[in-house]
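Visitor: Need a 3D model of the sequence below.
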Amino acid sequence: MKKLRKILGRVLLGLVIVFLLAFPVAAETVTVHVGGLVCGLCAQGIQKKMSKLDGVKSFKVSLEDQRVDVALKAGSALKDDVLRKTLEDSGFRVFSIERNP
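Guide: Residues are numbered from 1 along each chain as shown. The predicted structure follows:
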């Protein structure tokens, strides 16, 4: 009986850890509306630049919606002006930046 409790306790702890890793608590997403996205090479250029930024967990470039969705790491302090400069230095116009908790 004692072994069973110990095993169940470990399984429960493992499930809690998996849940916490799968659903980060304080992650933030940022939606950047850009102009000039016309082809796959544009998306590749953005991917190259965005992957170098500290605090970026993942991102998605939508050519159709002219948008870059950025998921930040929990606690990241990545500022709007850094995102704007990164995209503008890559040759794109930034129309707006929206933060979503």
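Visitor: all strands of the protein, in order?
Guide: With strands called from DSSP state E, the chain shows them at 29-35, 56-62, 67-72, 93-100.
Visitor: Most tightly packed of those?
Guide: A comparison of the strands of the chain by mean neighbour count, using mean count of other Cβ atoms under 10 Å, puts strand 67-72 on top with a mean of 20. C-beta: built from backbone N, CA, C; applies to glycine.
Visitor: Give me the mean pLDDT for that strand.
Guide: Averaged across strand 67-72, the pLDDT comes to 93.
Visitor: Dump the strands of the chain to a markdown table, plus distance to Ala43.
Guide: Listed next are those as a markdown table, based on distance: least, Cβ to Cβ, whole Å:
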| stretch | distance to Ala43 |
| --- | --- |
| strand 29-35 | 11 |
| strand 56-62 | 4 |
| strand 67-72 | 9 |
| strand 93-100 | 16 |
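Visitor: count of neighbours near Thr86?
Guide: Applying other Cβ atoms under 10 Å, we find 20 residues neighbouring Thr86.
Visitor: which stretch among the strands of the chain comes nearest Leu41?
Guide: strand 56-62 (11.2 Å; Cβ to Cβ).
Visitor: For that closest one, the averaged confidence score.
Guide: 93.
Visitor: just use 35 as the starting number from now, easier for me
Guide: Sure, I'll start counting at 35 from here, so that last one is strand 90-96.
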